[in-house]
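A.B. asks: Sequence and predicted structure, then a few things I'm wondering about:
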Amino acid sequence: MSIVTAMAAKLRVREQNIAVFGESGSGKTVLVSSFYGAAQEQAFLKESPFHLVAEDTGKGNHLRQNYLGMKNSAQAPEATRFAATQYSFMLQLKDPADAKAAKAAKARPFDALRLVWHDYPGEWFEQETSSDEEAGRRLDSFRTLLRSDVALVLVDGQKLVDYAGEEEKYLKSMLGNLRDGLLRFKSDLLDGGELLTEFPRIWILALSKADLHPDLDVHGFQDLLVEKAAGDISSLHDVLKGFVNLPEALSMGEDFLLLSSAKFEPGRIEVTERKGVDLLLPVACVLPLDRLVQWGRRLEIPRKMLDRLVDNADDIARVLYGAAPWMIKVPKVGKFLAIALPYVARAIKNGSPMLKEINDRAWANHDYLTAVLTRFRLDLDRGVKENLLVKSTK
């Protein structure tokens, strides 16, 4: 057992999962290396209320090595081929600075967040299995991946350059391979035909290598996909709905994100010039709660199912909105979200000002869990304003 794992065993940890789909060369390895490596920089460590720690030291060192290779030697990491990789990162909060804050920390519903990043190799969607053993390995990997609440489908920015004017050819192939790969697993995953409750409910179409398209904002990216691949996106959506119960609570083709892990130039990789990478934690940790509240207000979802559709929704809602002024009206019994759903929906609709007040108060009180989660929620609003993120409004 590693030191990190031993420490985590003493903490009350809530786990969020994100699945990253992308064809070979779409930038998955560079993305996770940039995500982790940037969080190890001294500037980040000095300002952030948490440390991002790789629970597998070897994998963490490898990602850091990739990042430093880009930063110091302009060397892009080698692509990972034919292997499903899982990275587990612990968001460890810094210790409270005083006894009052430490006492308050004990009252919070959990102590730390774990982000599990599932990287599914594009080759597995592009090529048939060569043996029963390999088929079983792929199926096991996919079952693990299905614990995620959020899935990123990477659209390769370089391929869009290569297919300029004929983007539909690339998009049809990429989306079709993903759709057909899912169908290949369907009968095994739906053992006995029973539809799944635990399944990625939010599928975000994300432009990787967005630095290759400096004049394209997220709305332009959305328009391009709708113009060139609306039918293929709808077809993938239909396949996804065939996996889940309550298929109305499923977003596909409604959320879009720009991602650039670094700016690549001849003989130089500028790792500080990133786009959207800092939105990955907010997308994984708090976007699912936003979407669940939307569904809860629009659909007839039994209250007992709310916390099953999205991992840790009740605890995250309690931290985010439990300190809001209107919470004095909410009974302090039972599941928080089941009771406070209308108030949380109103808070989300009203946007940033109230959350900014909660965030400022949390920082002043060294309540770092509330500070982190409210910062994540504010970051989502920032991503929308900066034209990096489109969020579904349904």
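C.D. replies: Perfect, thanks for sending it.
A.B. asks: need the contact list for Asp211.
C.D. replies: Going by C-beta atoms under 8 Å, 6 or more residues apart in numbering, Asp211 touches Gly157, Ser260, Ala262, Lys263, Phe264, Glu273, Lys275. Glycine gets a C-beta too; all of them are placed from N, C-alpha and C.
A.B. asks: Repeat the analysis, applying 7 Å as the threshold.
C.D. replies: Ser260, Lys263, Phe264 (C-beta atoms under 7 Å, 6 or more residues apart in numbering).
A.B. asks: just Gly136 next, same as before
C.D. replies: Applying C-beta under 7 Å, 6+ apart, no residues contact Gly136.
A.B. asks: Now do the SS call for it.
C.D. replies: With DSSP: H, G, I helix; E, B strand; the rest coil as the basis, Gly136 sits in helix.
A.B. asks: Could you number the chain from 19 rather than 1 from now on?
C.D. replies: All right, first residue 19 from here; so that's Gly154.
A.B. asks: Tell me the most packed of the contacts of Asp229, by neighbour count.
C.D. replies: Ser278 (25 neighbours; other C-beta atoms under 10 Å).
A.B. asks: Write down the beta-bridge partners of that residue, one by one.
C.D. replies: On the basis of DSSP bridges, Ser278 is bridged to Lys293.
A.B. asks: Also the one 4 residues further on?
C.D. replies: For Phe282, the beta-bridge partners are Ile287 (DSSP bridges).
A.B. asks: what's the spacing between it and Val295?
C.D. replies: 14 Å (C-beta to C-beta, to the nearest Å).
A.B. asks: residue boundaries of the strands in this protein?
C.D. replies: 31-39, 68-72, 103-111, 130-138, 168-174, 220-226, 269-276, 281-283, 286-288, 407-408 (DSSP state E).
A.B. asks: So for the residue most central in space within the chain, what pLDDT did the model give?
C.D. replies: The residue lying closest to the centre of the chain (C-alpha atoms, centre = their mean) is Ala302, at 3.1 Å. Ala302 carries a pLDDT score of 96 in this model.
A.B. asks: Over to Ala115?
C.D. replies: On the pLDDT scale, Ala115 gets 60.
A.B. asks: do the same with Met19
C.D. replies: 42.
A.B. asks: and what of the one 4 residues further on?
C.D. replies: Looking at Thr23, its pLDDT is 49.
A.B. asks: Repeat that for Asp329.
C.D. replies: What the model reports for Asp329 is a pLDDT of 88.
A.B. asks: ok, the spatially closest residue to it that is not a sequence neighbour - contacts?
C.D. replies: Counting by C-beta to C-beta, 6 or more residues apart in numbering, Asp329 lies nearest to Asp167, which is 5.6 Å off, once chain neighbours are set aside. Shown in contact with Asp167 (C-beta under 7 Å, 6+ apart): Gln34, Asn35, Pro218, Arg219, Ile220, Pro306, Val328, Asp329.
A.B. asks: mind listing what the third one touches?
C.D. replies: Under the criterion of C-beta under 7 Å, 6+ apart, the contact list for Pro218 reads Ala37, Leu164, Ser166, Asp167, Val168, Ala169.
A.B. asks: now the fourth one
C.D. replies: Listed by C-beta under 7 Å, 6+ apart, the contact partners of Arg219 are Asp167, Ala267, Leu268, Ser269, Pro306, Arg309, Leu327, Val328.
A.B. asks: Now, of those residues, which are buried?
C.D. replies: Buried members of the contacts of Arg219, scored by 16 or more other C-beta atoms under 10 Å, are Asp167, Ala267, Leu268, Ser269, Pro306, Arg309, Leu327, Val328.
A.B. asks: could I get the residues you listed as a markdown table with distance to Lys77?
C.D. replies: Below are those laid out as a markdown table (distance: C-beta to C-beta, whole Å):
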| residue | distance to Lys77 |
| --- | --- |
| Asp167 | 22 |
| Ala267 | 33 |
| Leu268 | 31 |
| Ser269 | 30 |
| Pro306 | 25 |
| Arg309 | 30 |
| Leu327 | 30 |
| Val328 | 27 |
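A.B. asks: List just the nearest of the contacts of Asp167 to Lys412.
C.D. replies: Of all the contacts of Asp167, Ile220 has the smallest distance to Lys412: 11.6 Å, by C-beta to C-beta.
A.B. asks: where's the closest one relative to Asp273, distance?
C.D. replies: 6 Å.
A.B. asks: of these two, who's got more company?
C.D. replies: A direct count of neighbours by other C-beta under 10 Å for Ile220 and Asp273 places Ile220 higher, at 26 against 22.
A.B. asks: quick one: pLDDT of the more buried one?
C.D. replies: Value listed for Ile220 in the pLDDT field: 97.
A.B. asks: Tell me if I'm right that it and Ser166 touch.
C.D. replies: No. Ile220 lies out of contact with Ser166 (C-beta atoms under 7 Å); the separation is 9.1 Å.
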